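Next come a sequence and a model predicted from it.
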Amino acid sequence: MALEKITMPQLGESVTEGTISQWLVAPGDHVNKYDALAEVLTDKVTAEIPSSFTGTVKELIAEEDETLEVGAVICILETEGADEQPAEPAKEEAPTPEASAPETAKKAPAKQSAPTGRFSPAVLTLAAEHNIDLGQVTGSGRDGRITRKDVLAYVENGAPVAAAPTKTAEPASTAPQKPVPMPTSQVGDRETPIDGIRKAIAKHMVTSKHEIPHAWMMVEADATGLVRYRDGLKNKFKAEEGYALTYFAFFVKAVAQALKEFPILNSTWAGDKIIERADINISIAVATDDHLFVPVIKHADEKSIKGIAREINELAAKARAGKLTQDDMSGGTFTVNSTGSFGSVQSMGIINHPQAAILQVESIVKRPVVIDDMIAIRNMVNLCLSIDHRILDGLVAGRFLQKVKENVETITKENTPIY
């Protein structure tokens, strides 16, 4: 018999960690190769981790709701192998999926700390952020292991924390610091538990706002030609193709064309350098009743308007059916969001980290506009751009918006093929 490790896979180019949302197996279960072992949640999508071997589940290393880095061991399988020596248990090997505990935690009684003296990266990070001595935390996990929930409960209950080192000679406060209390429900309030997807969305948004200095600008475009062209085609197109020809497909095409002329908008901040992406992959926001997903139209600049419309329809249907794959969600380089679909006329989008910008396409509304000193009723649309001010300045962002505006305003039957 041999012991094989199953590790946290990298579920996307920019994904560095994942959270075990649910185990689908238990110790002692027999699994075949490619059987699903667990559901894992990243900041992009929920996916299943398949088994790389056929065998028996020996040990579940990670707890549910535990966040681990890519490559960390999550479970051990016992497989048949005639010439293989049994592997040492993961808890005795190095490197392990978890980091060594601080000395103070190692000296704590076994009933309070994990018997192996090991903690997950998420637990150690929380402990460091709140100056917590893990030896004072009681673990609720398997064999007394401390989980993120245990640390968060310890913080929320206002338990005393280890004193942080001071940088000055000022006397330390004798009273233990307590965290800001969480809001509590009152009579008549309704509580909705936060599920894994909502937690991932929240984390992604906080990361974006925390790391990216946002700036914002807006232009209005005359979409009268687009409205006339699309409205004249939509019934025939729907009958022939089986899906709708939306205004949004035209806007995605207009943005993709503009990105070819302004590739700096199609880039990523990478610390000591800026990476301009060669592929133009447009992320689109798709909302369900409870969640927001951001699937990707790959190589949007190379697709026809018909092809873009088809992908919008397919990705939206998969999102609402809960069938988006990791490939559907990965690789985006720029985001276009159809906020106008629910009547919005002006909004500032939060950038889809680590992209450089997001464009909000607002509602198309009829407004009086002055043309050649005469008032005309036109179909106008606001285009709102949020940018990463580390990468982009107002000049280039303004020129990009002007190009998108130009692309939208020149959409006509004569110069804009659908196929």
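The structure has been received and is ready for your questions. Numbers count the residues shown, from 1 in each chain.

From now on I want contacts and neighbour counts done on CA atoms only, so please keep to that.
Noted.

Please name the bridge partners of E4.
When bridges are called by DSSP bridges, E4 pairs up with L77.

how close does it sit to Q10?
To Q10, E4 is 18 Å away according to Cα to Cα, to the nearest Å.

pull the longest helix from the protein.
helix 224-241 (DSSP state H).

who does it touch, helix- and strand-wise?
Other elements packing on helix 224-241 under the criterion 3 or more Cα pairs under 8 Å, 6 or more residues apart in numbering; DSSP states H and E are helix 247-261, strand 374-388, helix 394-409.

Adding mean neighbour count and distance to N131, write the ones you listed out as JSON lines.
Below are these laid out as JSON lines (neighbours: other Cα atoms under 10 Å; distance: least, Cα to Cα, whole Å):
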{"stretch": "helix 247-261", "mean neighbour count": "21", "distance to N131": "46"}
{"stretch": "strand 374-388", "mean neighbour count": "20", "distance to N131": "33"}
{"stretch": "helix 394-409", "mean neighbour count": "18", "distance to N131": "42"}
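
can you redo those as a markdown table with distance to L226 and mean pLDDT?
Shown next, in a markdown table, are those (distance: least, Cα to Cα, whole Å; pLDDT from 0 to 100):
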| stretch | distance to L226 | mean pLDDT |
| --- | --- | --- |
| helix 247-261 | 8 | 97 |
| strand 374-388 | 9 | 96 |
| helix 394-409 | 7 | 96 |
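
would TSV of the ones you listed with distance to A128 be doable?
What follows is these, written out as TSV (distance: least, Cα to Cα, whole Å):
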stretch	distance to A128
helix 247-261	42
strand 374-388	30
helix 394-409	39
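
which one of those lies closest to A127?
Using Cα to Cα as the measure, strand 374-388 is the one of those that comes nearest A127, at 31.4 Å.

Adjacent strands (with direction) for the closest one?
strand 214-222 (antiparallel), strand 357-361 (antiparallel), strand 365-371 (antiparallel).

between those strands, which gets nearest to A258?
strand 357-361 (12.0 Å).

what angle separates that closest one from helix 394-409?
40 degrees (axes from the mean of the first three to the mean of the last three Cα atoms, to 10 degrees).

ok, and what's touching strand 357-361?
Residues outside strand 357-361 that contact it (Cα atoms under 8 Å, 6 or more residues apart in numbering): 251, 265-266, 334-340, 347-352, 381-388.

Return the distance of I391 relative to Q355.
Note on I391: its distance to Q355, by Cα to Cα, is 10 Å.

and for these two, which residues touch both?
With Cα under 8 Å, 6+ apart as the test, I391 and Q355 both reach 268-269.

okay, those two: which has more neighbours?
Ranked by neighbour count (other Cα atoms under 10 Å), I391 and Q355 place Q355 first, with 22 against 18.

contacting residues for that one?
Q355 neighbours (Cα under 8 Å, 6+ apart): 266-269, 332-335.

ok, of the residues you listed, which one's closest to A287?
T335 (14.1 Å).

Model confidence for that closest one, exactly?
Here the pLDDT value assigned to T335 is 96.

so it makes contact with N352?
Yes - using Cα atoms under 8 Å, T335 makes contact with N352 at a distance of 6.9 Å.

any weak-confidence spans in the stretch 1-150 of the chain?
12-14, 43-46, 81-112, 114-123, 125, 141-143, 145, 148 (pLDDT under 70).

what are the ranges of the helices in it?
Using DSSP state H, counting those that start in this stretch, the helices found in the stretch 1-150 of the chain span residues 103-106, 121-129, 148-156.

check contacts around E311.
I297.

tell me the secondary structure for it?
helix (DSSP: H, G, I helix; E, B strand; the rest coil).

Next one, pLDDT for it please.
96.

what's the distance between it and I387?
Separation of E311 from I387 (Cα to Cα): 26 Å.

Quick check: beta-bridge partners of H214?
D388.

just checking, it touches S386?
Yes - with contact defined as Cα under 8 Å, H214 counts as touching S386 (6.4 Å).

what residues are shared contacts of these two?
If you check H214 and S386 against Cα under 8 Å, 6+ apart, the residues they both contact are 350-351.

picking up where we left off before, higher neighbour count, E4 and Q10?
E4 (22 against 15).

Assess the claim that that one and I74 are in contact.
No - applying Cα under 8 Å, one finds E4 not in contact with I74, separated by 11.0 Å.

any idea how far A153 is from the closest residue to L152 other than its chain neighbours?
Using Cα to Cα, 6 or more residues apart in numbering and skipping the chain neighbours, the partner closest in space to L152 is L126 (7.9 Å). Using Cα to Cα, L126 is found at 11 Å from A153.

cool, and A357?
For A357, the distance to A153 - Cα to Cα - is 37 Å.

who has more neighbours, the two?
Neighbour totals were compared for A357 and A153, and A357 leads with 30 against 13 (other Cα under 10 Å).

which residues pair with the more buried one across the strands?
Assessed by DSSP bridges, A357 has beta-bridge partners I387.
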